[in-house]
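Peer 1: Dropping a prediction and its sequence here:
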Amino acid sequence: MATDSSNGNGHHETTTTKKPPSPSPLRFSKFFQSNMRILVTGGAGFIGSHLVDRLMENEKNEVIVADNYFTGSKDNLQKWIGHPRFELIRHDVTEPLLIEVDQIYHLACPASPIFYKYNPVKTIKTNVIGTMNMLGLAKRVGARILLTSTSEVYGDPLVHPQPESYWGNVNPIGVRSCYDEGKRVAETLMFDYHRQHGLEIRIARIFNTYGPRMNIDDGRVVSNFIAQALRGEPLTVQCPGTQTRSFCYVTDLVDGLIRLMEGTNTGPINLGNPGEFTMTELAETVKELINPDVEIKMVENTPDDPRQRKPDITKAKELLGWEPKVKLRDGLPLMEENFRLRLGVGKKN
Ligand SMILES: NC(=O)c1ccc[n+]([C@@H]2O[C@H](COP(=O)([O-])OP(=O)(O)OC[C@H]3O[C@@H](n4cnc5c(N)ncnc54)[C@H](O)[C@@H]3O)[C@@H](O)[C@H]2O)c1
Ligand SMILES: O=C(O)[C@H]1O[C@H](OP(=O)(O)OP(=O)(O)OC[C@H]2O[C@@H](n3ccc(=O)[nH]c3=O)[C@H](O)[C@@H]2O)[C@H](O)[C@@H](O)[C@@H]1O
């Protein structure tokens, strides 16, 4: 039987009293203390590889990454390849995966607008069929599953800052819809499997995250500006430049994901840094910190770009005891260092 949620949306039935599917008998073994087997889909990507680093720190964890390398790379996982507690599988989540695991962090999905718009039909398949496949796997083996959803489910938000109770303002037929609506359906699937089959689910709504290992030509704003500043190219601010985003450093985000997985709350829970900046402010900060000689150039924007975005993280604070620690001005130099190494650009004396 479904019950009312306790997250403020009293009229929605979001939780269930159904028993979750049974986990592997190894979990109840008295004598054999098995490792926790954790699947990370999309683990060769930016956030996924940082998550793998954290999970591998715990000697009780065995980590399996499934990735099709569309936007991710083996380089991001180089230090774990060959490790006895680590396994890397080339796998596309739109195909079923038959393995035995206890937890699933489901991240697989291109995240930068230039990549998710490159093949929108594949992006929807990844979000819908990929999530169904991972839910089917979770159901068969009794695993807990966490979905990395996005602040993009709020679309171009009419409520500011955005709490989880806001239903969003999304264009269902626009060029971003393959991602926004794809993630909304993925959230729906998560809750339907939860209510219908008693699955243990967790949903994180992630707000713009940045840090080392982002693809240099990823196309997202922080990586673009840092790469441009280091190459001495103009910083391309897309018009009007007054649109805002709130940027979370990747280690903070990973900490939030693990707290959510290990806690008792299904979510959805916003994970992001509430510090809000216009894109012009971000360009000015990057220019000041990295290369005061570059110019800032206004360029054309793309359709349906959200005009403002800032997470309300009250739930994350209360339910997970989580809040981000790294300020933008402290995180940018850490990312700069990593980009300098990869681009082979030294610091000026
Ligand atoms: N970085 C952010 O700001 C942000 C914000 C909100 C949500 N998210 C979500 O977090 C997750 C990770 O994002 P990221 O920034 O690390 O992006 P990323 O592009 O670096 O990583 C995505 C990974 O998924 C893999 N992948 C894509 N399609 C796949 C498929 N069909 N099968 C198997 N693997 C596939 C890619 O190869 C890549 O390794 C995504 O689900 C994204 O939607 C990210
Ligand atoms: O955090 C999120 O929820 C989502 O954020 C991103 O979407 P977006 O915020 O549009 O990310 P960017 O492409 O980095 O763009 C941010 C802003 O910077 C601007 N921008 C981008 C690139 C650039 O060179 N210059 C520039 O001004 C864009 O117009 C936009 O207003 C991606 O869709 C997803 O990674 C993620 O799910």
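Peer 2: Sure, I can see it. Ligands and ions are numbered 1, 2, ... in the order given.

Peer 1: Spatially nearest residue to the residue of the stretch 51-200 of the chain found nearest ligand 1, not counting backbone neighbours?
Peer 2: As assessed by Cβ to the nearest ligand atom, ligand 1 sits closest to Gly72 within the stretch 51-200 of the chain, at 2.0 Å. No exception for glycine: its C-beta is placed from N, CA and C like everyone else's. Leaving aside its chain neighbours, Gly72 sits nearest to Ala44 (3.2 Å; criterion: Cβ to Cβ, 6 or more residues apart in numbering).

Peer 1: My guess is that neighbour contacts Asn76. True?
Peer 2: Yes - using Cβ atoms under 8 Å, Ala44 is in contact with Asn76, at 5.5 Å.

Peer 1: who's more crowded, the two?
Peer 2: Ranked by neighbour count (other Cβ atoms under 10 Å), Ala44 and Asn76 place Ala44 first, with 26 against 22.

Peer 1: Now the more buried one: phi and psi?
Peer 2: phi -90, psi 0 (degrees, to the nearest 10).

Peer 1: Tyr210 now?
Peer 2: Here Tyr210 shows phi and psi, under degrees, to the nearest 10, equal to phi -140, psi 160.

Peer 1: I figured it hits Cys248, correct?
Peer 2: Yes - between Tyr210 and Cys248 there is a contact under Cβ under 8 Å: 7.4 Å.

Peer 1: Near ligand 2, which residues of the chain? Just list them.
Peer 2: Within the chain, the positions near ligand 2 by Cβ under 6 Å from any ligand atom are 111-113, 150-152, 179, 206-208, 220-221, 224, 236-238, 243, 245, 279, 301, 305.

Peer 1: For Ile129, which three-state class applies?
Peer 2: helix (DSSP: H, G, I helix; E, B strand; the rest coil).

Peer 1: ok, the residue minimising distance to the centre of the chain - contacts?
Peer 2: For the chain, the residue nearest the mean C-alpha position is Thr148 (4.6 Å; Cα atoms, centre = their mean). Going by Cβ atoms under 8 Å, 6 or more residues apart in numbering, Thr148 touches Gly42, Ile47, Tyr105, His106, Leu107, Cys109, Ala204, Ile206, Leu257.

Peer 1: Near the residue of the stretch 51-200 of the chain closest to ligand 1, how many other residues are there?
Peer 2: As a burial measure, Gly72 scores 24 neighbours (other Cβ under 10 Å).

Peer 1: for the stretch 201-349 of the chain, what spans make up the strands?
Peer 2: Remark: strands assigned in the stretch 201-349 of the chain by DSSP state E, counting those that start in this stretch are 201-206, 209-210, 235-238, 244-246, 248-249, 269-271, 276-278, 296-299.

Peer 1: Quick one: mean pLDDT over the second one.
Peer 2: Predicted confidence along strand 209-210 averages 98 (mean pLDDT).

Peer 1: hmm, back to that, just the buried ones from the residues of the chain next to ligand 2?
Peer 2: 111-113, 150-152, 179, 206-208, 220-221, 224, 236-237, 243, 245, 279 (16 or more other Cβ atoms under 10 Å).

Peer 1: mind listing which of these are in helices?
Peer 2: Cross-referencing these against helices under DSSP state H gives Pro113, Tyr179, Val221, Asn224, Met279.

Peer 1: in what helix or strand does the residue nearest to the centre of the chain lie?
Peer 2: In this assignment (DSSP states H and E), Thr148 forms part of strand 144-150.

Peer 1: and what of Leu55?
Peer 2: helix 46-56.

Peer 1: for that helix, which positions count as buried?
Peer 2: Along helix 46-56, these residues count as buried under the neighbour rule (16+ other Cβ under 10 Å): Phe46, Ile47, Gly48, Ser49, His50, Leu51, Val52, Asp53, Leu55, Met56.

Peer 1: Would you quantify the distance from the first one to Asn208?
Peer 2: With distances taken as Cβ to Cβ, to the nearest Å, Phe46 is found 12 Å from Asn208.

Peer 1: quick one: which of the contacts of Thr148 is nearest ligand 2?
Peer 2: When the contacts of Thr148 are ranked by distance to ligand 2 (Cβ to the nearest ligand atom), Ile206 comes first, at 5.9 Å.

Peer 1: check contacts around the closest one.
Peer 2: Contacts of Ile206 (Cβ under 8 Å, 6+ apart): Ile47, Thr148, Ser149, Thr150, Ser151, Cys248, Leu253, Leu271, Gly272.

Peer 1: same deal with Phe207?
Peer 2: Phe207 sits next to Thr150, Ser151, Arg245, Ser246, Cys248, Asn270, Leu271, Gly272, Asn273, Arg309, Lys310, Pro311 when contact means Cβ under 8 Å, 6+ apart.

Peer 1: Could you list the low-pLDDT ranges of this protein?
Peer 2: Low-confidence regions of the chain, defined by pLDDT under 70, span residues 1-12, 30-34, 348-349.
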